[in-house]
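> no sequence for this one, just the structure:
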């Protein structure tokens with residue numbers, strides 16, 4: 001991207017021509033209501049990528065778009081296939097976009113897909129493949145929504161992850177008080193209570209409702225509450241709501257870990273056991289602190305209380 005020294009010049013890419021192209025696109029679609037966002041550049045990569053050029057040219061491009069089309073969101077990708085944005089902690093991308101920006105800490109919409117090791121849900125394109133790509137015919141698109149025949153979904157279970165989004169969870173005309181759905185983002189399913197009073201993962205079509213008083217998670221307008229029996233054991237609902245292991249708090253910056261403390265003072269989080277019956281157990285919390293050295297995948301412990309009045 002840079003043009004600061006001969007070794008950094010890329011004869012295949014002129015940053016100013018790139019900015020001009022973005023400006024022309026922003027002008028062309030100004031006033032078109034269906035166009036709500038513009039992405040600057042997808043998945044920066046390669047030996048010439050560097051932080052200094054990122055700040056320089058991303059700032060120029062964002063300002064150019066905003067000047068031509070102030071109503072459109074500017075979507076910015078990070079370095080290293082859009083997985084690297086940690087440098088923003090020490091130096092925010094300070095772009096003056098006027099009163100259209102709600103949060104002065106992040107003056108752009110940052111597009112980050114951190115999909116970890118399991119890429120089967122990281123779909124980003126509708127197509128199943130390319131007719132021609134890098135002089136090859138045909139080329140399969142492993143991140144496509146469709147398979148290479150363009151006839152069926154590449155991953156049949158992928159749409160299950162959006163089932164809660166397709167449901168009506170809030171009704172502005174409802175007179176009912178808010179309750180909560182215990183949502184499991186990794187699977188797209190919801191927590192339910194089975195016949196043994198134990199928590200398991202199931203379809204959101206028949207989800208149970210919960211109330212949360214800041215400590216106890218109470219089941220379905222009853223006096224029973226979510227209770228841990230200890231590390232590795234299934235989480236259940238019980239009448240023992242005064243014990244320490246029936247108190248739950250969000251335990252990470254993401255607010256996606258629900259944790260309790262056992263008798264030994266160890267912090268335990270809800271976790272999908274990944275067993276045949278999809279039971280939920282209490283397990284040692286994974287990566288709940290802002291620790292860049294934690295390389296474990298915490299997604300199986302992600303649970304969220306989603307408000308509903310329907």
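Arrived safely, thanks for sending. Remember, it's a predicted structure, so these values are computed and weren't measured experimentally. Numbers count the residues shown, from 1 in each chain.

> going forward, measure contacts and count neighbours with C-alpha atoms only.
Noted.

> so residue 55 touches residue 91, yeah?
No: under the criterion of Cα atoms under 8 Å, residue 55 is not in contact with residue 91, lying 9.5 Å apart.

> and those two? which has more neighbours close in?
Between residue 55 and residue 91, counted using other Cα atoms under 10 Å, the more crowded position is residue 55 (16 against 10).

> which of the helices or strands spans the more buried one?
Here residue 55 is covered by helix 51-68, with elements defined by DSSP states H and E.

> which strands and helices sit next to that helix?
Helices and strands touching helix 51-68, by 3 or more Cα pairs under 8 Å, 6 or more residues apart in numbering; DSSP states H and E, are helix 15-28, strand 73-77.

> so what's the gap between the last one and the chain middle?
Its chain's average C-alpha position is 16 Å from that of strand 73-77, according to Cα atoms, centre = their mean, to the nearest Å.

> show the average pLDDT along the helix or strand just after that strand.
Downstream of strand 73-77, the first helix or strand assigned by DSSP H and E is helix 79-82. Mean pLDDT, taken over the full extent of helix 79-82, equals 88.

> pull out the buried residues from helix 79-82.
Using 16 or more other Cα atoms under 10 Å as the test for burial, helix 79-82 gives 79, 82.

> how far off centre is that helix?
How far helix 79-82 lies from its chain's middle: 16 Å, per Cα atoms, centre = their mean.

> give me the low-pLDDT residue ranges for the stretch 51-200 of the chain?
In the predicted model of the stretch 51-200 of the chain, residues 97-124 satisfy pLDDT under 70.

> need the contact list for the residue nearest to residue 295 when sequence neighbours are not counted.
Distances taken as Cα to Cα, 6 or more residues apart in numbering put residue 287 closest to residue 295, at 7.9 Å, once the chain neighbours are dropped. When contacts are counted by Cα atoms under 8 Å, 6 or more residues apart in numbering, residue 287 touches 294-298.

> give me the buried subset of these.
Burial of these was assessed by neighbour count (16+ other Cα under 10 Å); the buried members are residue 298.

> want to try TSV for the contacts of residue 287, with secondary structure and pLDDT as columns?
As requested, those are arranged in TSV below (DSSP: H, G, I helix; E, B strand; the rest coil; pLDDT from 0 to 100):
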residue	secondary structure	pLDDT
294	coil	82
295	coil	83
296	coil	87
297	coil	89
298	coil	91
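
> which of the contacts of residue 287 sits closest to residue 211?
Of all the contacts of residue 287, residue 211 sits closest to residue 298, with 24.8 Å by Cα to Cα.

> quick check: nearest residue in space to that closest one, chain neighbours excluded?
Counting by Cα to Cα, 6+ apart, the nearest residue to residue 298 once its immediate chain neighbours are dropped is residue 286, at 5.4 Å.

> ok, residue 238 next?
Nearest non-adjacent residue to residue 238 (Cα to Cα, 6+ apart): residue 224, at 5.0 Å.

> can you count the residues close to residue 156?
Burial of residue 156 is recorded as 11 neighbouring residues (other Cα under 10 Å).

> what about it, distance to residue 190?
Distance check for residue 156 against residue 190: by Cα to Cα, to the nearest Å, it reads 19 Å.

> which residue ranges of the stretch 201-310 of the chain form strands?
Under the criterion DSSP state E, counting those that start in this stretch, the stretch 201-310 of the chain carries strands at the ranges 210-212, 217-219, 225-227, 236-238, 249-250, 258-261, 267-272, 280-284, 304-308.

> just put those strands in JSON lines and tack on mean pLDDT.
Written out in JSON lines, the entries for the strands of the stretch 201-310 of the chain read as follows (pLDDT from 0 to 100):
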{"stretch": "strand 210-212", "mean pLDDT": "94"}
{"stretch": "strand 217-219", "mean pLDDT": "94"}
{"stretch": "strand 225-227", "mean pLDDT": "96"}
{"stretch": "strand 236-238", "mean pLDDT": "95"}
{"stretch": "strand 249-250", "mean pLDDT": "94"}
{"stretch": "strand 258-261", "mean pLDDT": "95"}
{"stretch": "strand 267-272", "mean pLDDT": "95"}
{"stretch": "strand 280-284", "mean pLDDT": "95"}
{"stretch": "strand 304-308", "mean pLDDT": "93"}
